[in-house]
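Student: with the input below, show me the fold.
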Amino acid sequence: MIRIGGREIIAIIALVSLFWAISITITPCIAQPNTINFGDDGVVGGSEHWSTIKEIKSKYARAIYAFGDRTCHQRETRSFFVCKNQMPLCARCIGIYWGVFLGLVLSIIPWCKDLCKKMTPIPLILLLMPMVIDGSLQLLTPYESTNILRLITGIMAGIATGMAITMIVFELEKSHPKTNDCAKYVE
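Tutor: Below is the predicted model:
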């Protein structure tokens, strides 16, 4: 029986994460230019953008935008535009997904791997705080953040999430014996 270690599991998750981050970044270029602009009336989990999404000819792009419609507010002023189309997620969400990939990659780089295995939740919480502060200020005050700041705080939160995933995988790996119990039956 082949045993896959924590590092390999993290690499697989990182590849899936990279595929997703690239997908949400290039999807606006798959649709016709100047066809996707949701305005500023979006809410998380709403379906108010479905009339625009169903007009997207590519099933792949339609699926990505539909996912965005269910998980992100997709407000125009809080989103980047690529290829003259609004991205399927807001700037902060785009940053989170790219940050998850970066956090996973950092976690398996040899010089960082041992550090990540020993890491406590405190640095991860500190990486989340800028997003919490920025988002809370927007919610509770007249302050309006910028898309660049949203992207940066999202990346920081995503890195924390990627490293948290790594911590969980390494803890699960430590808690399971490395012996192959099935091997004794194959003789």
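Student: skipping adjacent residues, who's closest to residue 162 in space?
Tutor: Leaving out its chain neighbours, the residue that sits closest to residue 162 by Cβ to Cβ, 6 or more residues apart in numbering is residue 103, at 2.2 Å. Every C-beta, even on glycine, is put in place using the N, C-alpha and C of the backbone.
Student: which strand or helix spans that neighbour?
Tutor: Under the criterion of DSSP states H and E, residue 103 resides in helix 91-108.
Student: pull the contacting residues for the residue nearest to residue 162.
Tutor: 158-166 (Cβ atoms under 8 Å, 6 or more residues apart in numbering).
Student: surely residue 145 touches residue 134?
Tutor: Yes - shown here, residue 145 and residue 134 form a contact pair, counting by Cβ atoms under 8 Å, at 5.2 Å.
Student: any idea which helix or strand comes after the lowest-mean-pLDDT helix or strand in the chain?
Tutor: Least confident helix or strand of the chain, by mean pLDDT, DSSP states H and E, is helix 110-118 with a mean of 70. Next along the chain after helix 110-118, taking DSSP H and E as the criterion, comes helix 121-140.
Student: what's the mean pLDDT across the helix or strand following that following helix?
Tutor: Note on helix 121-140: by DSSP H and E, the next helix or strand toward the C-terminus is helix 147-175. For helix 147-175, mean pLDDT rounds to 92.
Student: which parts of stretch 133-152 are buried?
Tutor: Applying a neighbour-count criterion of 16 or more other Cβ atoms under 10 Å, one finds 134-135, 145, 147, 150-152 buried in stretch 133-152.
Student: what's the distance between that stretch and the middle of its chain?
Tutor: 19 Å (Cα atoms, centre = their mean, to the nearest Å).
Student: residues in contact with it?
Tutor: 78-80, 90-92, 94-95, 130, 153.
Student: most surrounded residue in these?
Tutor: Using other Cβ atoms under 10 Å as the neighbour criterion, residue 79 leads these with 29 neighbours.
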